[in-house]
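Engineer: just coords:
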């Protein structure tokens, strides 16, 4: 970067890429896909059993998939777009500018993929990554267990060796969309005698395997995005272990960084129109055109400041990573702030909506979309490690404060 | 553009840090304060600064400067914030230099910019009149008289006002307080008849002054920019100043935070290092996150200023608002976590708290900038 000539030519190349990308998106993104999803059916998760909910959704997904842009920064050989970090940033910015929806939402993309790229062997990469990119297999995550919570390493699900296979017995909880998933990436205890973190392996298996069952958990939002998942002597080939047996904690931690980065993104993920305007619609404005509730207006403006600042920080986190200057625990800092901010956003949205935001079952409220989303956000600062756990990680790993 | 320092910017930071931490640690400010130094800053150090090219950092090369950008100015400001070094850098090299560079005609530029670059001329912007920063509320009058104008009114919190060789004064040539139209910037010699400068010793022991103008005569050549159309020039210059102050506040916050974390690692109570207590760990971690987010927002603002000053207002508002709240939190936590020691004058922490308070008011506090953002977003 110190050579100004190479910087100039890089900038020129990026400008070209930006122009081409914009033109391609303009020509290929259907107008229906340029507004925020309003219901779960609008989100395409891929997998053996999911259907595309509309023709525009199908067109958009297939065009993006064919370009490798469901996973723009993965290598082309695994179904990705092969974009550099800078190009990926441009693509995201251009998509955000036109409000283009992600063509495919998937834990395979956000979480498993990066872990496989780093820790998977060649056979595993070839087997799984292209199917994730093409939306053929939907994954779920088997991390948390009953009574473990954020103390993830205390997990009890055990995998006992039997020839070339493991026999897995135990249960998981909070497995998001396990009832829709095709495969699971799962943490299991392969050495019960070892220290807490040292006897864990990271293993992949088909949810259709004999002995796997799931049960949805009804939440305060009235939805059940999470499940309890039971393994009753599930037989899985040992070759499905990612990385080294008993060293699964390394993979798990790496994946958690991606999960946290993904969750932290919620804090800066706008809901379409600016909050101040959404609020003005329901609260009204005064003679000067200002939101007619000065305390709410101040609250929103304070939120906007923090949201814009967090967006800058997220951008900087990517730039730092690219420059090799990122602290590996920084995703915990972002996760903490992003989730707290997202909770604030929904508190404001509820406050702005007033009585209208309290309707739960009606056409007008889209079956209570706003209050259900508000309730859903309360999990943000719990899932993927609580805010308190994140602050503990920052205190110990970044600030190097003493104590176990 | 990436939000990380380039290699050149890191080198600039290292050389600024070397000079400042060596020649102007917090004890330097303490000495100036205790000795009631008449200038309030070290002229010798300012000349060393100029020799290293810092005084003319934002001045184009054709006027003897180094022609660098706002990111670089921010890098220096951050280092100034770490030791609270009193210096004409903000008022002269950032704000006044930008005002002259952006609004000056050829003669004004060649008269003043080379002298700013070589450190021989100190200049400052005089804008605020009331207790709070409200540029459009300017009511200092400039009425036409003969070939020029007569200025009457008063200014407060004029940074370096008592040592400046040149004042850039926001005045009202038309309209009334609150209106955008009718503002004009004037270059005024503080030695002119009718100018009365009172050095105000402020809480942070940095330089500021109240200045009164009683029928001060200036000629037509002293108008900077266009008559009645000064608001836009003033907006841009103030935004540049705000970005720079935000950077100083990031440096100040980061320094007081680092000192506090070191203290948490060394101070024992109840038989434990106090840094082992989760209540303090979590507060320290929250503050760390706050500072990192504010740092990014400030870099974003400086970058936006570099790309186009006229389009940087919202990014600057975000940065200054964040810098104010973060600095408040950093200094308050700093004093609280240092316990009784933090309350003593002998300890440096209090100096950071005082400087933070002044930086908050300078060019608009968090409320002011949050309000600006709300207006810009139309609600």
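Structural biologist: Sure, I can see it. Values in this document were obtained by computation on a predicted structure and should not be read as measured data.

Engineer: residue contacts, residue B:28?
Structural biologist: The contact partners of residue B:28, by C-beta atoms under 8 Å, 6 or more residues apart in numbering or on different chains, come to B:42, B:83, B:85. To be clear about C-beta, it is placed using only N, CA and C from the backbone, and glycine gets the same treatment.

Engineer: is it true that it lies in a helix?
Structural biologist: Yes: with DSSP: H, G, I helix; E, B strand; the rest coil as the criterion, residue B:28 is part of a helix.

Engineer: Check the spacing between it and chain A real quick.
Structural biologist: Residue B:28 sits 28 Å away from chain A, going by C-beta to the nearest C-beta, to the nearest Å.

Engineer: Next up, phi/psi of the closest residue to residue B:162 other than its chain neighbours, please.
Structural biologist: Leaving aside its chain neighbours, residue B:162 sits nearest to residue B:199 (3.8 Å; criterion: C-beta to C-beta, 6 or more residues apart in numbering or on different chains). The phi and psi values for residue B:199, taken as degrees, to the nearest 10, are phi -70, psi 130.

Engineer: Residue B:212 now?
Structural biologist: The phi and psi torsions at residue B:212 (degrees, to the nearest 10) take the values phi -110, psi 140.

Engineer: Contacts only, for it.
Structural biologist: With C-beta under 8 Å, 6+ apart, residue B:212 has these contacts: B:153-154, B:195-196, B:198.

Engineer: okay, it: pLDDT?
Structural biologist: On pLDDT, residue B:212 comes in at 98.

Engineer: can you list contacts of stretch A:225-237?
Structural biologist: With contact meaning C-beta under 8 Å, 6+ apart, stretch A:225-237 is reached by A:140, A:142, A:146, A:157, A:159, A:162, A:164-179, A:184, A:203, A:205, A:209-217, A:219, A:376.

Engineer: that older thread, so which of the contacts of residue B:212 are in helices?
Structural biologist: Using DSSP state H, no member of the contacts of residue B:212 falls within helices.

Engineer: and those residues, which two are the farthest apart?
Structural biologist: Between any two of the contacts of residue B:212, the greatest separation by C-beta to C-beta is 14.5 Å, found for B:153 and B:198.

Engineer: Tell me the strands beside whatever helix or strand residue B:157 lives in, with direction?
Structural biologist: Assigned by DSSP states H and E, residue B:157 belongs to strand B:148-159. Strand B:148-159 pairs in its sheet with strand B:141-145 (antiparallel), strand B:208-219 (antiparallel), by DSSP bridges.

Engineer: Which elements pack onto the helix or strand just after that strand?
Structural biologist: Downstream of strand B:148-159, the first helix or strand assigned by DSSP H and E is strand B:166-172. Applying 3 or more C-beta pairs under 8 Å, 6 or more residues apart in numbering or on different chains; DSSP states H and E, we find strand B:166-172 packed against strand B:123-126, strand B:141-145, strand B:148-159, strand B:183-188.

Engineer: most neighbours per residue, which of those?
Structural biologist: Highest mean neighbour count of the helices and strands packed on strand B:166-172: strand B:123-126, a mean of 28 (counted as mean count of other C-beta atoms under 10 Å in any protein chain shown).

Engineer: So which elements touch that strand?
Structural biologist: Using 3+ C-beta pairs under 8 Å, 6+ apart, strand B:123-126 sits against helix B:97-103, strand B:148-159, strand B:166-172.

Engineer: Apply 10 Å and report the result again.
Structural biologist: Identification of packing neighbours for strand B:123-126 by 3 or more C-beta pairs under 10 Å, 6 or more residues apart in numbering or on different chains; DSSP states H and E yields helix B:97-103, helix B:106-117, strand B:148-159, strand B:166-172, strand B:183-188, strand B:208-219, helix B:230-266.

Engineer: residue in the stretch 201-350 of chain A nearest to chain B?
Structural biologist: The minimum distance from the stretch 201-350 of chain A to chain B, using C-beta to the nearest C-beta, falls at residue A:276 (2.9 Å).

Engineer: Please report the distance of that residue from residue A:285.
Structural biologist: Separation of residue A:276 from residue A:285 (C-beta to C-beta, to the nearest Å): 10 Å.

Engineer: what residues do those two have in common as contacts?
Structural biologist: By the contact definition C-beta atoms under 10 Å, 6 or more residues apart in numbering or on different chains, residue A:276 and residue A:285 are jointly contacted by A:291, A:297, B:378-379.

Engineer: got a list of what the residue of chain B found nearest chain A touches?
Structural biologist: Taking C-beta to the nearest C-beta as the measure, the point where chain B comes nearest chain A is residue B:379, at 2.9 Å. Counting by C-beta under 10 Å, 6+ apart, residue B:379 makes contact with A:274-281, A:283, A:285, A:289-291, A:296-297, A:300-301, A:304.

Engineer: One more: residue B:47?
Structural biologist: By C-beta under 10 Å, 6+ apart, the contact set of residue B:47 is B:55, B:118-120.

Engineer: Can you check the pLDDT for it?
Structural biologist: Looking at residue B:47, its pLDDT is 96.

Engineer: Also the one 5 residues further on?
Structural biologist: For residue B:52, the model assigns a pLDDT of 93.

Engineer: Just say helix, strand or coil for residue A:69.
Structural biologist: coil.

Engineer: Tell me who's in contact with it.
Structural biologist: Applying C-beta under 10 Å, 6+ apart, we find residue A:69 in contact with A:21, A:24-25, A:28, A:63, A:80-81, A:83, A:88, A:91, A:95, A:102-104, A:133.
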